[in-house]
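Novice: Predicted structure and sequence below. I'll ask about it afterward.
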Amino acid sequence: MTTSDPTKLKMTKEFGLPTIAFCVARVPNSGRLIFGSSDFKLYEFDALAEKPQPVAFNGEGHQSYVTGVVLCAPNIAVSGSYDGKLIWWDLEKREPIRTVSAHELWIRRLAVSPDGKTIASVSDDMQCKLWNAETGEMLRQFSDHKPMTPHDFPSMLYAVTFSPDGKFVATGDKVGHVAIWETNSGAKVATVEAPTLYTWDPRQRRHSIGGIRSLAFSPDSKLLAVGGTGQIGNIDHLEASARTEIFDWQAGQRVKEIVNDKFKGLVEHHVFDPSGQWIVSSGGDNGGFVSFHNVETGKTLHQDKAPMHVHQFALNEACDTLFAVGHHKIAIFEFKAEAAKPAEAAPATSTN
């Protein structure tokens, strides 16, 4: 059952950062956030502390942007970076315990299976790789994504997610191609296409922009949300509306288009609520947003401006607090119930 009303969302706190936070994972039942940064470091930030401050992890870490982080055990985080490496970290000591040379090119995103046993990484080498979260052993790799766009420019593999039942993993690339895989076997079971999320300008810059930046399965694993931005006129700017397409992926059919009527830019992250009634998306252009939409109708339920471009967020267990990270800020949004109005006093009655 849904435990919060998305129409009551309000930003309650924001914190400045000297860097860009590209990714975030939250320690369960807490406000402890682990985020990856543009200064090549991993940080811990207790957003619910009285005076929160980011604390950098120690030891030899990444050599470039940290663009993915997941928690795979109560005390273990795994990060991925543009340096192509995966690093396992001890959360209590804030020190690395294992480093794996995982990809030949930039790692764009990580995902962890619901049971915490398998980590998925995607990279600009266009490969998705699955890793044993406990040992760091690569379990399998697969790709259905071409390294070059139709216009002979390098493509990118931006997005990856597991289904809630853990049976499937989905990957999405720059030109709008999505592949769905069987987790245990690595067999491809379906594909869907979202070409509207990709813009090619053959005249002004001979350049492309957009792509699939976010993927999320519905709680019953039957629907797949694909996020990015719409067709862009001036490719030097994220001037198109933020866009979400929802697919019945097993049937290969798009069942819903959600074009943001207020905010422009990229949809960087999606999450369905546990009941599957609404979906929350975030991202932005120069600024940022958090938007809630009804899954069945596509209707906008609520939208709120974020103080920065949001790269990723984490919801708490009750779905009543959202922790967002992005360009030079961390922001907290909470679902605030309206205070009940005091009952009016009954009129006095005469005793005469």
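Specialist: Ah, there it is.
Novice: which outside residues touch stretch 312-327?
Specialist: 2-4, 9, 20-26, 28-29, 31, 33, 35, 47, 268-269, 271, 273-274, 280, 282, 284, 288, 290, 306, 308-311, 330-335 (Cβ atoms under 8 Å, 6 or more residues apart in numbering). Bear in mind the C-beta positions are built from the backbone N, C-alpha and C, glycine included.
Novice: Equivalent analysis for stretch 184-193, please.
Specialist: Residues contacting stretch 184-193 (Cβ under 8 Å, 6+ apart): 130, 140-142, 144, 167-168, 176-182, 224, 226, 247, 249-250, 252, 254.
Novice: quick one: contacts for the most centrally placed residue in the chain?
Specialist: The residue lying closest to the centre of the chain (Cα atoms, centre = their mean) is residue 269, at 3.1 Å. The contact partners of residue 269, by Cβ under 8 Å, 6+ apart, come to 214, 227, 281-283, 310-313.
Novice: again with residue 86
Specialist: The neighbours of residue 86, taking Cβ under 8 Å, 6+ apart as the test, are 78-80, 99-100, 102, 107, 110, 119, 121, 131, 136.
Novice: I'd like the distance from the helix or strand hosting it to the chain centre, please.
Specialist: Using DSSP states H and E, residue 86 maps to strand 85-90. The chain centroid and the centroid of strand 85-90 are separated by 20 Å under Cα atoms, centre = their mean, to the nearest Å.
Novice: Please state the offset of the helix or strand just after it from the chain centre?
Specialist: Downstream of strand 85-90, the first helix or strand assigned by DSSP H and E is strand 95-101. Relative to the chain's own centre, strand 95-101 is displaced by 23 Å; criterion: Cα atoms, centre = their mean.
Novice: Could you list every helix and strand that the helix or strand following strand 95-101 packs against?
Specialist: Using DSSP H and E, the helix or strand that follows strand 95-101 towards the C-terminus is strand 107-112. Here strand 107-112 touches strand 66-73, strand 76-81, strand 85-90, strand 118-123, strand 157-162, going by 3 or more Cβ pairs under 8 Å, 6 or more residues apart in numbering; DSSP states H and E.
Novice: could those be laid out in TSV, adding distance to residue 149 and mean pLDDT?
Specialist: Formatted as TSV, the helices and strands packed on strand 107-112 follow (distance: least, Cβ to Cβ, whole Å; pLDDT from 0 to 100):
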stretch	distance to residue 149	mean pLDDT
strand 66-73	21	96
strand 76-81	23	98
strand 85-90	26	98
strand 118-123	17	98
strand 157-162	12	98
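Novice: Residue 99 contacts residue 84, doesn't it?
Specialist: No - judged on Cβ atoms under 8 Å, residue 99 makes no contact with residue 84 at a distance of 10.9 Å.
Novice: Between the two, which has more neighbouring residues?
Specialist: residue 84 (21 against 16; other Cβ atoms under 10 Å).
Novice: Contact partners for the more buried one?
Specialist: Residues near residue 84 by Cβ under 8 Å, 6+ apart: 101-107, 123.
Novice: May I see the PyMOL selection of the buried members of those residues?
Specialist: Restricted to buried positions by 16 or more other Cβ atoms under 10 Å, the PyMOL selection for these reads:
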select buried, resi 102+103+105+106+107+123
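Novice: Out of the contacts of residue 84, which two sit at the greatest distance?
Specialist: 101 and 106 (13.3 Å; Cβ to Cβ).
Novice: Give me the pLDDT for residue 227.
Specialist: Residue 227 is assigned a pLDDT of 97 by the prediction.
Novice: what's the closest non-adjacent residue to it?
Specialist: Spatial nearest neighbour of residue 227, excluding adjacent residues (Cβ to Cβ, 6 or more residues apart in numbering): residue 267 at 3.1 Å.
Novice: Thought residue 215 was touching the one you found, still the case?
Specialist: No - with contacts counted by Cβ under 8 Å, residue 267 stays clear of residue 215, the gap being 10.2 Å.
Novice: Give the residues shared as contacts by these two.
Specialist: Shared contacts of residue 267 and residue 215 (Cβ under 8 Å, 6+ apart): residue 227.
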